[in-house]
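Enquirer: mind looking at a prediction? Sequence and model below.
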Amino acid sequence: RKEVEQDPGPFNVPEGATVAFNCTYSNSASQSFFWYRQDCRKEPKLLMSVYSSGNEDGRFTAQLNRASQYISLLIRDSKLSDSATYLCVVWSGGFKTIFGAGTRLFVKA
Amino acid sequence: DTGVSQNPRHKITKRGQNVTFRCDPISEHNRLYWYRQTLGQGPEFLTYFQNEAQLEKSRLLSDRFSAERPKGSFSTLEIQRTEQGDSAMYLCASSLNGSGNTIYFGEGSWLTVV
């Protein structure tokens, strides 16, 4: 079993739609959680950290469920520019920052 | 721009040649990482430095790979006797101890072995 698992998609949604991604992690001792965005042939860029109480940044909402060991990302009012791969990232201390394989999102006009 | 800097950005080399990539992390960051990414996969951990000490190496890092971080500043990743399977994007990232380990990536170095 992979340490961080994501549905690879692709998710094809129309502009304005709401879309949600989930990610599960296996290490119950994991300490920090993040979502990164990666455009084609570019480096991953931090989208947002994920806090235990849940957090929101504009159209993006992240949730953490420690009991079930999953993280979610909700994107409201999707824009064409949201088309990218979204990477779930889990830090378990020290050097252990583990990336999921990513979920691909295509937003269409 | 004070982000993570990598060079060269692209490298095409013949099988069997040696290549070296350089990474300059964000200046105050003491942690430095190398990752490798292939199409359709997330970044895979290769190695980690805290200051100048290389504290962890992945089993993915064969004997042909070596990384250094002299003086705890920039880092180099060398691949000797390159193979076609080494073709990938090599990503450098850095973070600051105690920041919850938010890591920041450079733009990556694309390696194509022909």
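Expert: Thanks, I have it.

Enquirer: so in the chain, where's the weakest helix or strand by average pLDDT?
Expert: Using chain A here. Lowest by mean pLDDT, DSSP states H and E among the helices and strands of chain A is strand A:97-99, with a mean of 90.

Enquirer: sorry, should have said chain B
Expert: Lowest mean among helices/strands of chain B [mean pLDDT, DSSP H and E]: strand B:53-57, a mean of 90.

Enquirer: direction included, what does that strand pair up with?
Expert: With DSSP bridges as the test, strand B:53-57 is paired with strand B:44-50 (antiparallel).

Enquirer: quick one: average pLDDT of the strand it pairs with?
Expert: For strand B:44-50, mean pLDDT rounds to 93.

Enquirer: mind listing what's buried along that strand?
Expert: Buried positions in strand B:44-50, judged by neighbour count with 16 or more other C-beta atoms under 10 Å in any protein chain shown: B:44-50. Any C-beta I mention is one placed from the backbone N, CA and C, and that applies to glycine too.

Enquirer: measure the nearest residue to A:A109 once chain neighbours are set aside to chain B for me?
Expert: Distance criterion C-beta to C-beta, 6 or more residues apart in numbering or on different chains; nearest residue to A:A109, sequence neighbours excluded, is A:E15 at 5.7 Å. Noted for A:E15: a distance of 25 Å to chain B, by C-beta to the nearest C-beta, to the nearest Å.

Enquirer: return the backbone torsion pair for A:E15.
Expert: phi -50, psi 140 (degrees, to the nearest 10).

Enquirer: what's the pLDDT at it?
Expert: 98.

Enquirer: give the contact list for it.
Expert: Shown in contact with A:E15 (C-beta atoms under 8 Å, 6 or more residues apart in numbering or on different chains): A:78-80, A:107-109.

Enquirer: near B:S94, how many other residues are there?
Expert: Per other C-beta atoms under 10 Å in any protein chain shown, the neighbour tally for B:S94 reads 23.

Enquirer: ok, it touching B:T102?
Expert: No. The pair B:S94 / B:T102 is not scored as a contact, 10.2 Å apart, by C-beta atoms under 8 Å.

Enquirer: is chain B contacted by stretch A:29-39?
Expert: Yes. Using C-beta under 8 Å from any C-beta of the partner chain, stretch A:29-39 reaches chain B at A:31-32, A:34.

Enquirer: flag every residue of chain A that's near chain B.
Expert: So chain A meets chain B at A:4, A:8, A:31-32, A:34, A:41-46, A:49, A:87, A:91, A:94-102 (C-beta under 8 Å from any C-beta).

Enquirer: same thing but at 6 Å, please
Expert: Proximity of chain A to chain B, by C-beta under 6 Å from any C-beta of the partner chain, involves residues A:32, A:43-44, A:87, A:91, A:95, A:97, A:99-102.

Enquirer: any chance of the residues you listed in a markdown table, plus neighbour count?
Expert: Below are the residues of chain A next to chain B laid out as a markdown table (neighbours: other C-beta atoms under 10 Å in any protein chain shown):
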| residue | neighbour count |
| --- | --- |
| A:S32 | 18 |
| A:E43 | 22 |
| A:P44 | 28 |
| A:L87 | 24 |
| A:W91 | 20 |
| A:F95 | 19 |
| A:T97 | 24 |
| A:F99 | 24 |
| A:G100 | 28 |
| A:A101 | 19 |
| A:G102 | 26 |
